[in-house]
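Enquirer: My questions concern the predicted model and sequence given below.
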Amino acid sequence: MTHNPLSTLKIDYWYKILPVIGTITLILGLTVDIKGVSNVLVQLVSIGVIFIGIGEWINHPLQTGVGMGFKITSYNRVNTFAGNLWDLIGIGLIVYALIYHS
């Protein structure tokens, strides 16, 4: 019996959709000749969006609090070095693409 590891992946927050959108547009930028826009621009922006999505996913860890007879879980944003580094690299790629390849 095969198990698909992506079957349990839930896209329930905005930052989880960014890598999906970035991957789809990256594949399009690599395989389709896009008119009016440089393929390099599309590829760099797509990778930047993927990186920002990963960074925000890292910066939104599952947090659980236990009180008197109840349990609260949330994904509040927590700044981490790794998450912010992914965000900065992603923003840098997008800015670079827009300045030098548009």
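Expert: Done, it's in.
Enquirer: Pretty sure G65 sits in a strand.
Expert: Yes - according to DSSP: H, G, I helix; E, B strand; the rest coil, G65 belongs to a strand.
Enquirer: list the contacts for it?
Expert: For G65, the contacting residues are 71-73, by CB atoms under 8 Å, 6 or more residues apart in numbering. C-beta here means a position set from N, CA and C on the backbone, and glycine is covered the same way.
Enquirer: out of the residues you listed, which one sits closest to V40?
Expert: Nearest to V40 out of the contacts of G65 is T73 (CB to CB; 41.6 Å).
Enquirer: So the closest one versus T23, what's the distance?
Expert: Between T73 and T23 the computed distance is 28 Å (CB to CB, to the nearest Å).
Enquirer: These two: who's more crowded?
Expert: T23 (15 against 8; other CB atoms under 10 Å).
Enquirer: And for the closest residue to that one other than its chain neighbours, the neighbour number?
Expert: Distance criterion CB to CB, 6 or more residues apart in numbering; nearest residue to T23, sequence neighbours excluded, is I50 at 6.3 Å. Per other CB under 10 Å, the neighbour tally for I50 reads 21.
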